[in-house]
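In: Below: sequence and its predicted model.
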Amino acid sequence: NTKHDVLYTPYLQHELRSHIEIAERFCMTQFAIPIENRTYKDRKPLVYGAAYDGISSSSEEERVRAQEIALVDSVCEEMDESLFEFIDSYDVQYVLHDKKRYPEWDILSTDLNLNIIDRSDEWILYEVYVP
């Protein structure tokens, strides 16, 4: 986890972590969104971040962006097939569902063992149990 026990933040790119690890952490933020509703391809940057600062041509930026999307697609596909392993490897203990910002989440459709710790009209805090 990060210093503040946050699995992913766009600022994670400034830490010394591999692109694969950043992609894994990003994909963990997507697991409760049905695959057909994921819109991360519209987000920039996803993984590479500051790498875009050194690009001077649009064709190179398109190439790098395609590479970044391919990496995230691959990692998210792997996560969808092995969610428990990802949850366990990153020691995820809690998931906070911000219902106002992410109404499309369908966390109950996952096979995770969840226990509601607390809730309000705008959010739900789940404790995660990995079998």
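Out: That came through, no problem. These figures come from a predicted structure and were not determined experimentally.

In: shaky segments in the chain?
Out: 1-16, 50-53, 131 (pLDDT under 70).

In: The same query, at a cut-off of 50, please.
Out: Within the chain, the segments meeting pLDDT under 50 span 1-4.

In: Just the terminal-to-terminal distance for stretch 35-44.
Out: End-to-end span of stretch 35-44 (CA to CA, to the nearest Å): 19 Å.

In: Now do the buried residues in it.
Out: Within stretch 35-44, the residues that count as buried by 16 or more other CB atoms under 10 Å are R38, Y40. C-betas here are computed from N, CA, C, even on glycine.

In: For the nearest residue to W123 once chain neighbours are set aside, the count of nearby residues, please.
Out: Excluding the flanking residues, the one nearest W123 by CB to CB, 6 or more residues apart in numbering is D98, at 5.2 Å. Look at D98: counted by other CB atoms under 10 Å, it has 11 neighbours.

In: Hmm, E122 and D98 touching each other?
Out: Yes. Contact criterion CB atoms under 8 Å: D98 and E122 qualify, at 6.9 Å.

In: What are the boundaries of the strands in this protein?
Out: 94-98, 113-119, 123-129 (DSSP state E).

In: Quick check: the residue nearest to W123 vs S82, distance?
Out: To S82, D98 is 25 Å away according to CB to CB, to the nearest Å.

In: First-to-last residue distance for stretch 34-48?
Out: 24 Å.

In: Now render the strands of the chain as a markdown table, adding distance to S57.
Out: Shown next, in a markdown table, are those (distance: least, CB to CB, whole Å):
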| stretch | distance to S57 |
| --- | --- |
| strand 94-98 | 38 |
| strand 113-119 | 47 |
| strand 123-129 | 43 |
